[in-house]
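K.L.:
sequence first, predicted model second:
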Number of protein chains: 2
Amino acid sequence: MTLSAIAKRRQAQLEALIDAAEARIIAEGVASLKARDLASDIGVALGGLYNIVADMDMLLLKVAQRTMERLDAALEAGAASVVADTPRAAITQLVAIAHAYYDFSRNNLRLWRALFEMRLKNPDLPEWNRQAQLGLFRHMNAPLARLRPEADEVARTLTARTLFAAVHGVVVIGLEERLIAVPAAAMKQQIEWLVRAACEGFVSPA
Amino acid sequence: MTLSAIAKRRQAQLEALIDAAEARIIAEGVASLKARDLASDIGVALGGLYNIVADMDMLLLKVAQRTMERLDAALEAGAASVVADTPRAAITQLVAIAHAYYDFSRNNLRLWRALFEMRLKNPDLPEWNRQAQLGLFRHMNAPLARLRPEADEVARTLTARTLFAAVHGVVVIGLEERLIAVPAAAMKQQIEWLVRAACEGFVSPA
DNA sequence: AAAATAATTTGAACGTCGTTCATTTTTAAT
DNA sequence: ATTAAAAATGAACGACGTTCAAATTATTTT
């Protein structure tokens, strides 16, 4: 067996493990993810998990990474669904991105929740995970740049972050089924109102 | 010993327990709250905790309740710091409420985080806790009513919720020290921009 | 005041969890 | 075939929340 074949096998094991973890999170939520279950899922002894992954936290981070990659793609697709050639269209594009975020969260509820429900023993995230999170904010940057081309780059990045965070908050509370479930259509309206209102206050003075 | 004296003692034990839990959350975060530590904190045997409180989840809910009461008071104070006699002043009042939320979160970081980091075994909250959460949204209702007196009550409640949620999202991401810490002054500016922009899109047509 | 009864407190023990590590099994090299 | 290295195993560990039979303390009855 060649060296790279060994690496391939490890990689396959890792992917099977992440698959199993994802499936269990989707089925029962991140809280009921157990090392013993996962080990039996992928046909490995309990201790064998730790040959594949340093610990449970690392596994959760890998799952989170996958989820964020899919989320990133969903936001990209949302943005691509609108041609933002005018300021008005740029705002519509921002709405599309926000709606894409809501749709993704709704359709991947437990995986999406797992992003925030991770309670890691080591509080500081690996750099690749941090970058993936920060990368999500960037989707709103280009449309905002079209709204105010002359604005400072740093300020715009902060604005993108704030706008994204605001949408995030609305989605979080809206999907918090412990409180009152708001219908999807109403949620989308609220999100659209919020994004449009925020952006009206951001367009360059005519 | 009279009947009520017994009840008093229980009440005192409960309060001591909540105090101890709060202190530990403030010192080390909710994740490192241990039954054994708390028992020794209040001078009771391990099993004795369960004479005071049904389980750890119930204790967390009691702590959350206290925190929400204090938060509620802080929002009330924020609102009271502005006399909202005109539409313009109503917007300023909304900004004050949002700033009060941010300030409270920043000044009570771990207790505030504990509100969301609770992972309860039983997912549905007791009614008193649910009401306390929903009650937080209501602070934005009166100012919004002044902005659009003719608007539908239900729609306004939903708007208040959305606006609060948006501010919440900005605060959550802003205080997420795992990413990039934004200075408090910049945060306040962002929050003010967001609230004002959202409200401009909500005033009655003149 | 003593005995009987009820209420409360106790801490050892249980079940579950993530993680470790000595042992065994499998694989690769000689 | 022999040996050495690598990988997989699962019993055992420590930490955790929770339970419960036993001990202790308080109350009532005689």
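P.N.:
Received it, and whenever you're ready, just let me know what you need.

K.L.:
isn't A:L179 right up against B:N129?
P.N.:
No. With contact defined as CB atoms under 8 Å, A:L179 does not reach B:N129; the gap is 10.4 Å. C-beta: built from backbone N, CA, C; applies to glycine.

K.L.:
any idea how far the residue nearest the centre of chain A lies from chain B?
P.N.:
Centroid check for chain A by CA atoms, centre = their mean gives A:M68 as the closest residue, at 3.9 Å. Note on A:M68: its distance to chain B, by CB to the nearest CB, to the nearest Å, is 13 Å.

K.L.:
cool, A:A89 as well?
P.N.:
The value you get for A:A89 to chain B, if CB to the nearest CB is used, is 18 Å.

K.L.:
what secondary structure does that residue sit in?
P.N.:
Reduced to three states with DSSP: H, G, I helix; E, B strand; the rest coil, the structure at A:A89 is helix.

K.L.:
wait, it touches A:V82, no?
P.N.:
Yes. Applying CB under 8 Å, one finds A:A89 in contact with A:V82, separated by 6.2 Å.

K.L.:
leaving aside the residues adjacent along the chain, what's closest to the closest residue to chain B within chain A?
P.N.:
Per CB to the nearest CB, A:G169 is where chain A lies closest to chain B, at 1.9 Å. Once flanking residues are discounted, A:G169 sits nearest to B:G169: 1.9 Å by CB to CB, 6 or more residues apart in numbering or on different chains.

K.L.:
A:L163 is in contact with the one you found, correct?
P.N.:
No. Applying CB under 8 Å as the test, B:G169 and A:L163 come out as separate, 9.7 Å apart.

K.L.:
those two - which one has more neighbours?
P.N.:
A:L163 (30 against 23; other CB atoms under 10 Å in any protein chain shown).

K.L.:
report all helices and strands that the helix or strand harbouring the more buried one contacts.
P.N.:
In this structure, A:L163 sits in helix A:153-175 according to DSSP states H and E. Using 3 or more CB pairs under 8 Å, 6 or more residues apart in numbering or on different chains; DSSP states H and E as the contact test, the elements touching helix A:153-175 are helix A:87-107, helix A:127-137, helix A:141-147, helix A:184-200, helix B:153-175, helix B:184-200.

K.L.:
quick one, domains of chain A?
P.N.:
A:1-53, A:66-200 (automatic domain parsing).

K.L.:
any chance of those in a markdown table, plus mean pLDDT?
P.N.:
As requested, the domains of chain A are arranged in a markdown table below (pLDDT from 0 to 100):
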| stretch | mean pLDDT |
| --- | --- |
| domain A:1-53 | 91 |
| domain A:66-200 | 95 |
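
K.L.:
ok, A:L179 and B:N129, which is more surrounded?
P.N.:
More neighbours surround B:N129 than the other of A:L179 and B:N129, with 20 against 15 (other CB under 10 Å).

K.L.:
contacts only, for that one.
P.N.:
B:N129 makes contact with B:61, B:64-65, B:68, according to CB atoms under 8 Å, 6 or more residues apart in numbering or on different chains.

K.L.:
residues of chain A that sit close to DNA strand C?
P.N.:
Residues of chain A found near DNA strand C (CB under 7 Å from any atom of the strand) are A:1, A:5-6, A:33-36, A:46-47, A:49-50, A:55-57, A:121.

K.L.:
are any of the residues you listed buried, and if so which?
P.N.:
If you count burial by 16 or more other CB atoms under 10 Å in any protein chain shown, the buried members of the residues of chain A next to DNA strand C come out as A:33, A:49, A:56.

K.L.:
export the helices and strands packed on helix A:153-175 as CSV, with columns for distance to B:D103.
P.N.:
Converted to CSV, the helices and strands packed on helix A:153-175 look like this (distance: least, CB to CB, whole Å):
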stretch, distance to B:D103
helix A:87-107, 27
helix A:127-137, 24
helix A:141-147, 27
helix A:184-200, 22
helix B:153-175, 10
helix B:184-200, 9
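
K.L.:
can you list the buried residues in the helix holding A:L163?
P.N.:
A:156-175.

K.L.:
same check, this time on stretch A:31-44
P.N.:
If you call a residue buried by 16+ other CB under 10 Å, then stretch A:31-44 has these buried ones: A:31, A:33, A:38-39, A:41-42, A:44.

K.L.:
what sits up against that stretch?
P.N.:
For stretch A:31-44, contacts defined as CB under 8 Å, 6+ apart pick out A:13, A:16-17, A:20-21, A:23-25, A:45-46, A:48-49, A:52, A:56, A:59-60, A:117, B:119.

K.L.:
intersect the residues you listed with the contacts of DNA strand D.
P.N.:
Restricting the contacts of stretch A:31-44 to those near DNA strand D by CB under 7 Å from any atom of the strand leaves A:13, A:45-46, A:48.

K.L.:
which residues of chain A lie near DNA strand D?
P.N.:
Contacts of chain A with DNA strand D, taken as CB under 7 Å from any atom of the strand, map to A:6, A:9, A:13, A:44-48, A:51.

K.L.:
among the residues you listed, which one sits closest to A:A185?
P.N.:
Nearest to A:A185 out of the residues of chain A next to DNA strand D is A:Q13 (CB to CB; 43.7 Å).

K.L.:
how many residues are close by that closest one?
P.N.:
Neighbour count of A:Q13, defined by other CB under 10 Å: 18.
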